[in-house]
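Participant: fold the following.
(one chain, ligands or ions: 1)
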Amino acid sequence: MSTIISLLSEKMQNAFKKSGYDEKYSIVTLSNRPDLCQYQCNGSLSAAKEYKMAPIKIAEHVVEELKKDSIYKEVVAIAPGFINITLSNEYIAKYLNDMNQSQHLACVLEEIPKTVVIDYGGPNIAKPLHVGHLRSAVIGESIKRIIRFMGNNVIGDAHLGDWGLQMGLVIAELKRRKPELSYFDDNYIDDYPKEAPFTITELEEIYPAASEYSKENPDFKEEAKNITYLLQNAHKGYTAIWNHMLEVSVSDLMKIYEKLNVSFDLWKKESDAQPYIPEMIEYLKMNNYTRISEGALVVDVKEETDNKEIPPCMILKSDGATLYNTTDLATIVERMKLFDPNRIIYITDKRQGLYFEQVFRCARKTKLIKENTDLTFIGFGTMNGKDGKPFKTRDGGVMRLENLIKGVTDEVYNKIMENRDMSIDDAKAIADKVGIAALKYGDLSNQASKDYVFDLERFTSFEGDTGPYILYTIVRIKSILNKYKESHNDLTVQAILPAITKNELNLMHEITKFNETIYNAYEDLAPHRICQYIYGLTNQFNTFYHETKILSEEDKNRQKSYIALLSLTLKVLNQCIDLLGIEAPDMM
Ligand code: ARG
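Facilitator: Numbers count the residues shown, from 1 in each chain. You can find the predicted model right below:
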């Protein structure tokens with residue numbers, strides 16, 4: 001189904017043409033005065049210059065043409081030259097009924113599905129997830145769902161960080177503490193123990209301790225570097241420890257991501273790309289893409305049109321070591337080989353923007369990707385505390401994601417217990433869902449690139465532009481529909497009738513904007529547009545609900561139409577929150 005905007009645009013184009021004006025003036029938009037009309041076209045104002053006529057005359061001619069169509073309740077030319085459009089209530093009702101019947105709520109999916117890899121989450125083994133990882137996971141999950149909903153083949157990859165000095169640091173620290181472990185005995189020939197020599201809690205304590213210790217002890221740092229090197233060259237004992245680190249970390253990470261309702265199709269690791277490196281470097285050298293700069297192997301990526309300095313992309317350091325860049329380029333080679341994607345999307349902190357610019361330019365220039373492979377970087381802003389600085393724990397440390405989640409769900413739990421009489425277990429289960437919604441919605445409702453303030457009180461409020469408010473509305477609709485089902489034996493579904501009140505019409509009109517919203521969110525990879533839409537829709541619904549008798553409506557036809565309208569509202573809201581990666585409980 002076409003969006004209403006594109007349908008009206010088409011009609012407007014015809015009307016401009018038929019009245020003898022260029023169709024380029026026929027742009028239709030949503031009205032910025034919804035109190036006066038639903039849509040508008042301001043093209044006559046610009047056309048007036050070309051045709052040396054009063055804009056209102058042009059508008060009047062076009063309106064005369066438009067009026068031949070019966071879909072409008074009103075279409076008028078307004079001085080100095082606006083065309084104001086309001087659709088007939090019948091038309092809107094028909095649009096909703098068609099939408100209800102259609103497969104994807106009136107969205108037309110990609111005719112030729114694309115293969116899209118989304119690189120998000122980006123957790124690192126042996127390091128706990130902190131709030132910085134929240135945004136990548138939450139935004140990436142939603143973008144993945146939006147692209148998938150539009151009919152594409154999407155592969156979400158966690159791209160686990162398992163390949164840097166951090167590994168060497170952890171192993172060196174472990175060696176310092178427990179030198180007697182068999183992993184450190186070069187003469188040991190038996191199998192290594194199956195059990196890891198540490199728990200996740202220990203592991204997470206070891207890394208920061210090691211990193212701290214290395215700052216003051218150059219020898220230790222050397223040792224860690226050496227271990228990293230040996231590990232990267234398949235040292236038996238270190239590889240065994242590293243495998244333990246992977247296991248212990250990944251199972252812990254999965255638990256937290258599951259809580260967040262975030263799931264990856266792939267758990268590829270930085271180390272998986274390493275085998276592609278030698279051949280890639282050979283290829284880059286052979287084709288003269290590289291040069292030596294102060295001993296390092298680099299690819300120049302600056303372009304004439306640059307207005308800022310874009311440094312060369314470094315492939316190998318002067319000591320021959322590979323870098324984060326090298327791994328990312330090799331990962332591109334790997335992804336091209338495994339999936340041949342049309343597009344790869346990376347979601348990280350926006351401070352990695354310049355870095356990805358270099359990597360993308362390098363991949364394009366050296367033809368590691370195809371000419372039409374699209375590389376997209378989505379950089380997000382920082383989650384700040386109320387003081388406007390990056391969010392910290394009360395004593396100034398980095399907040400672990402797990403603790404942040406717990407803080408939010410506890411707050412919601414307390415709110416639920418305050419005014420409701422509910423069993424502890426029920427309240428806990430609800431608080432889990434609502435808390436995650438509060439956290440995710442609080443994040444997603446901001447344009448990704450902007451910083452935002454984490455405000456526990458506001459995010460968990462049941463009123464205003466918040467996750468709990470949206471869920472509360474969904475639960476309310478579910479409960480009305482359930483009550484209706486319980487008290488009626490005739491559950492045949494009836495079509496939605498044309499609206500008779502203003503609030504009903506507003507709600508119906510808001511629903512028609514679903515496909516347009518999804519297309520915009522898809523085009524811009526912008527979940528916040530879906531948030532804006534559901535907040536508007538939720539408000540329209542609640543206004544309608546407060547002024548309309550639904551369950552006690554006496555006109556049974558009207559009542560059935562209301563029920564159909566509520567069902568459709570629920571379908572749309574459920575679809576939207578699903579695209580955000582949020583789930584609604586059955587009661588609240
Ligand atoms: N592990 C990285 C970090 O914690 C993020 C990885 C982002 N993805 C990538 N392909 N570089 O910063």
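Participant: my guess is residue 580 contacts residue 440, does it?
Facilitator: Yes. With contacts counted by Cβ atoms under 8 Å, residue 580 reaches residue 440, the gap being 6.4 Å. C-beta coordinates here come from the backbone N, C-alpha and C atoms, glycine included.
Participant: the ligand contacts on the stretch 301-450 of the chain?
Facilitator: 328, 346, 348 (Cβ under 6 Å from any ligand atom).
Participant: so the first one sits right up against residue 359, yeah?
Facilitator: Yes. Residue 328 lies in contact with residue 359 (Cβ under 8 Å); the separation is 5.1 Å.
Participant: tell me how far the helix or strand residue 174 falls within is from the chain's mean position?
Facilitator: Using DSSP states H and E, residue 174 falls within helix 165-177. Distance of helix 165-177 from the chain centroid (Cα atoms, centre = their mean, to the nearest Å) equals 35 Å.
Participant: quick one: list the elements packing against that helix.
Facilitator: Contacts defined by 3 or more Cβ pairs under 8 Å, 6 or more residues apart in numbering; DSSP states H and E place helix 165-177 against helix 200-216, helix 218-232, helix 236-259.
Participant: using JSON lines, lay out these together with distance to residue 352.
Facilitator: Formatted as JSON lines, the helices and strands packed on helix 165-177 follow (distance: least, Cβ to Cβ, whole Å):
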{"stretch": "helix 200-216", "distance to residue 352": "20"}
{"stretch": "helix 218-232", "distance to residue 352": "22"}
{"stretch": "helix 236-259", "distance to residue 352": "20"}
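Participant: so which of those helices comes closest to the ligand?
Facilitator: Closest to the ligand of these is helix 236-259 (Cβ to the nearest ligand atom; 11.7 Å).
Participant: could you check the angle helix 165-177 makes with that closest one?
Facilitator: Angle of helix 236-259 versus helix 165-177, following axes from the mean of the first three to the mean of the last three Cα atoms, to 10 degrees, is 120 degrees.
Participant: helix 236-259 near the ligand anywhere?
Facilitator: No. On the criterion Cβ under 6 Å from any ligand atom, helix 236-259 is out of touch with the ligand, staying 11.7 Å away.
Participant: helix 218-232 and that helix, what's the angle between them?
Facilitator: Using the same axes, to 10 degrees: helix 236-259 against helix 218-232 is 90 degrees.
Participant: so what's the residue of the chain positioned farthest from its centre up against?
Facilitator: Most distant from the centre of the chain: residue 187, at 50.4 Å, with distances by Cα atoms, centre = their mean. By Cβ atoms under 8 Å, 6 or more residues apart in numbering, the contact list for residue 187 is empty.
Participant: quick one: contacts of stretch 312-324?
Facilitator: In contact with stretch 312-324 (Cβ under 8 Å, 6+ apart) are residues 164, 229, 274, 277, 281, 284, 290, 293-302, 325-326, 329, 355, 358-359, 361-362.
Participant: next, the buried residues of it.
Facilitator: 312-316, 322 (16 or more other Cβ atoms under 10 Å).
Participant: again, but for stretch 104-113
Facilitator: Taking 16+ other Cβ under 10 Å as the criterion, stretch 104-113 shows 104-107 as buried.
Participant: turn those residues into JSON lines, including distance to the ligand and secondary structure.
Facilitator: Output for those, formatted as JSON lines (distance: Cβ to the nearest ligand atom, whole Å; DSSP: H, G, I helix; E, B strand; the rest coil):
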{"residue": "104", "distance to the ligand": "31", "secondary structure": "coil"}
{"residue": "105", "distance to the ligand": "33", "secondary structure": "coil"}
{"residue": "106", "distance to the ligand": "35", "secondary structure": "coil"}
{"residue": "107", "distance to the ligand": "30", "secondary structure": "coil"}
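Participant: pick out the most distant pair among the residues you listed.
Facilitator: For the buried residues of stretch 104-113, the maximum inter-member distance is 7.2 Å, found between 104 and 106 (Cβ to Cβ).
Participant: contacting residues for whatever residue of the chain ends up closest to the ligand?
Facilitator: In the chain, the residue that lies nearest the ligand is residue 122 (2.9 Å; Cβ to the nearest ligand atom). Contacts were defined as Cβ under 8 Å, 6+ apart; by that measure residue 122 touches 133, 136, 158-161, 348.
Participant: got phi/psi on residue 386?
Facilitator: For residue 386, the backbone dihedrals are phi -60, psi -20 (criterion: degrees, to the nearest 10).
Participant: I'd assumed residue 456 was in contact with it.
Facilitator: No. Assessed by Cβ under 8 Å, residue 386 is found out of contact with residue 456, at 9.2 Å.
Participant: higher neighbour count, those two?
Facilitator: Neighbours were counted for residue 386 and for residue 456 using other Cβ atoms under 10 Å; residue 456 has more, 17 against 11.
Participant: isn't the more buried one right up against residue 412?
Facilitator: No. Counting by Cβ under 8 Å, residue 456 sits too far from residue 412 to count as a contact (9.8 Å).
Participant: buried sites along stretch 254-265?
Facilitator: Quick answer for stretch 254-265 (16+ other Cβ under 10 Å): 254, 256-257, 259-262, 264.
Participant: let me know the average pLDDT across that stretch.
Facilitator: The average of the pLDDT scores along stretch 254-265 is 96.
Participant: what about it, start to end distance?
Facilitator: Start-to-end span of stretch 254-265 (Cα to Cα, to the nearest Å) is 12 Å.
Participant: could you check how far that stretch is from the centre of its chain?
Facilitator: For stretch 254-265, the distance to the chain centre is 14 Å (Cα atoms, centre = their mean).
Participant: same thing with stretch 306-324?
Facilitator: For stretch 306-324, the distance to the chain centre is 30 Å (Cα atoms, centre = their mean).
Participant: residue boundaries of the helices in the stretch 251-400 of the chain?
Facilitator: 277-286, 324-339, 353-365 (DSSP state H, counting those that start in this stretch).
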